[in-house]
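1. Need the 3D shape of this:
(one chain, ligands or ions: 1)
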Amino acid sequence: MRLRTLLTTVLAAASTIAAAMPRTELPASTTPGALVIGRTEPGSVVTFSGRTLRVADDGSFLFGLGRDVSGQAEIAVRYRDGTAQALSIPIQPRKFAIERVNGLPESTVNPDPKLAERIAREQTQVTKARERDDARQDYRFGFVWPNTGRISGVYGSQRILNGTPKNPHYGVDIAVGTGTPIHAPAGGIVSFVAKDLYLTGGTVVIDHGHGLSSVFVHMSRIDVKPEQRIEQGAVIGAVGATGRATGPHLHWGMNWFDTRLDPQLVVGPMPK
Ligand SMILES: [Zn+2]
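-> Here you go, the predicted model:
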């Protein structure tokens, strides 16, 4: 083959590959509670669910899906050259356990107004911490379990007490004893610390960047301070039963801003 012919062939093959490469990469499918990490051309504007996503210098971005989504996740991309693209990912449905309990004394089902006010005020503080949108990409290095043990509660399950639907369980519970160290599942900045919230007791939020955060509740000991930099695996405190907990366990929740995600989908199977 002559050099010019070879060169033409190589160039043709290269342009075919370039044409086949998507300008925006997304997973083929997703599911309720999932964290979705995508990549696009740097400088693009990506929107999902009415929010403009932070696009990193390397083009990576993320968003999360709540418990009750269905159908398709719709993403819009505007590239630097002015072209626009609409993308969608099918959402594979999943089933959540529903537990109905009837005949409970009414006072235990609906807290008195004063207590309800305290709970709402404390919840607002945590919600505010979760609005943080840092350029850090601590989520890029993957997640590890904060500790290991029997999983005693899963994301999405819901109790209906005396016919009143209560908040679904937004996190994963690991049945381990008081004092068991809690390790940061990924690096980040401590964005919230409280020793004694009514429902969640000792509470810590770690921000992993781009609006992704982890929350740890019912802690018996807290070893970190607000705005402290944490590396993956660092001990942030210890398991307990503070707040409204029936026994010692670690509750680990994850959020994309105010959207509650399933940590188990992000971290993968518990190591044996
Ligand atoms: Zn829990």
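
2. C-alpha from now on. contacts and neighbour counts both.
-> Will do.

3. What's the local residue count around residue 223?
-> Close neighbours of residue 223, defined as other C-alpha atoms under 10 Å, add up to 11.

4. what's the distance between it and the ion?
-> Between residue 223 and the ion the computed distance is 21 Å (C-alpha to the ion, to the nearest Å).

5. quick one: contacts for that residue?
-> Listed by C-alpha atoms under 8 Å, 6 or more residues apart in numbering, the contact partners of residue 223 are 235-237.

6. rerun that using 6 Å as the cut-off
-> 236-237 (C-alpha atoms under 6 Å, 6 or more residues apart in numbering).

7. how close does it sit to residue 202?
-> Residue 223 sits 11 Å away from residue 202, taking C-alpha to C-alpha, to the nearest Å as the criterion.

8. so how far is residue 244 from residue 219?
-> Residue 219 is 11 Å from residue 244, by C-alpha to C-alpha.

9. Of these two, which one has the most company?
-> Using other C-alpha under 10 Å, the more surrounded residue of residue 219 and residue 244 is residue 219, with 31 against 13.

10. Excluding chain neighbours, what is closest to residue 163?
-> What sits nearest to residue 163 in space, not counting adjacent residues and going by C-alpha to C-alpha, 6 or more residues apart in numbering, is residue 102, at 7.0 Å.

11. Need the pLDDT of residue 79.
-> With respect to pLDDT, residue 79 has a value of 97.

12. right, and it touches residue 46 too?
-> No - counting by C-alpha atoms under 6 Å, residue 79 sits too far from residue 46 to count as a contact (8.7 Å).

13. Which of these two has more residues huddled nearby?
-> Set side by side, residue 79 and residue 46 show more neighbours around residue 46, with 24 against 18, by other C-alpha under 10 Å.

14. so what's the more buried one up against?
-> 52-53, 76-77.

15. Whichever of those end up buried, select them in ChimeraX.
-> Provided next is the ChimeraX selection string for whichever of the contacts of residue 46 are buried by 16 or more other C-alpha atoms under 10 Å:
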select :53,76,77
